[in-house]
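1. Using only what follows, build the 3D model:
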Amino acid sequence: VYDLLYLRGVDAAIVYGDRALLVRLFGLAEIPFYNVPLEFFGRIMILINAVATVIFPPLSRLSGDKLLFERAYVAFVTLLSAAAGVILLIASLATPQVLLHWLGAQFLIHSTGVVRILMVGLQFQCLNVMALASLNARGISRPIMLMHLTEVPLYFGAMLFFGLRLGLDGIALVWSGRLVAEFICFTVLQLRLIDPGSARP
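-> Next up, the predicted model:
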């Protein structure tokens, strides 16, 4: 329980701490070009999190059967990855026109690159939600907490470095890069939980 509380606290620090850093780096005038698309994607993640909440009970019931659990997890992740990939590819192609007609020419100029970079992170965020559901279903929380504690200083250090050099595109790159790194860490945890005997034919 305490691990989960710490984990939520670290997540909140990451989510809200970067906003404060952005204000210091760019000022309030430029923040909407990054923050508005990010908040929009955050609303999409509410739907993804709801899906994870729905599949968590069946995953928990399957956790005792490793082979069946792995097959169900792979099926869920494959389906979600394919669906999210197609949707985000179409959304990426439509980004300039959507920004122009929805938010205006200034967002078209300043946010097109940001949105496309954030979409890469959103793809991995969808996969991370599934990975977290899988790990939590098997009672794995301490390694995730330690991963996030290690991640926080690296994340803010990278935001400062790339933000000063690449502007808002650099901030978006770090945000997406963090989610890619989390996916790699979650995948390693998943592989370490696989029974070597079950992987043999």
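2. what about the protein, any weak spots by pLDDT?
-> Counting by pLDDT under 70, the chain has low-confidence residues at 1-13, 15-16, 52, 55-65, 193-201.
3. again, only this time at 90
-> Along the chain, segments meeting pLDDT under 90 span 1-32, 34-95, 98-99, 101-104, 110, 122-123, 125-153, 156, 185-201.
4. longest single helix anywhere in it?
-> The residue-count maximum for a helix in the chain (DSSP state H) belongs to helix 66-102.
5. so what's the residue nearest to the spatial centre of the chain up against?
-> Closest to where the C-alpha atoms of the chain average out (C-alpha atoms, centre = their mean) is Q125, at 2.6 Å. Residues in contact with Q125, defined by C-beta atoms under 8 Å, 6 or more residues apart in numbering, are 45, 48, 179. All C-beta spots, glycine's among them, are computed from the backbone N, C-alpha and C.
6. ok, A94 - how many residues close by?
-> A94: 10 surrounding residues under other C-beta atoms under 10 Å.
7. Roughly how far does it sit from T112?
-> To T112, A94 is 11 Å away according to C-beta to C-beta, to the nearest Å.
8. just to revisit the earlier point, the longest helix of the chain: which residues count as buried?
-> Within helix 66-102, the residues that count as buried by 16 or more other C-beta atoms under 10 Å are 66, 69-70, 72-73, 76-77, 80, 84, 88, 95-96, 99.
9. Stretch 176-196 too?
-> Applying a neighbour-count criterion of 16+ other C-beta under 10 Å, the buried positions in stretch 176-196 are 176-183, 185-186, 189-190.
10. for stretch 133-149, same thing?
-> Applying a neighbour-count criterion of 16+ other C-beta under 10 Å, one finds 133-138, 140-141, 144-145, 147-148 buried in stretch 133-149.
11. what helices or strands is the one helix or strand L38 maps to leaning on?
-> For L38, the host element (DSSP states H and E) is helix 31-62. The contact analysis (3 or more C-beta pairs under 8 Å, 6 or more residues apart in numbering; DSSP states H and E) places helix 31-62 against helix 2-26, helix 66-102, helix 105-137, helix 168-193.
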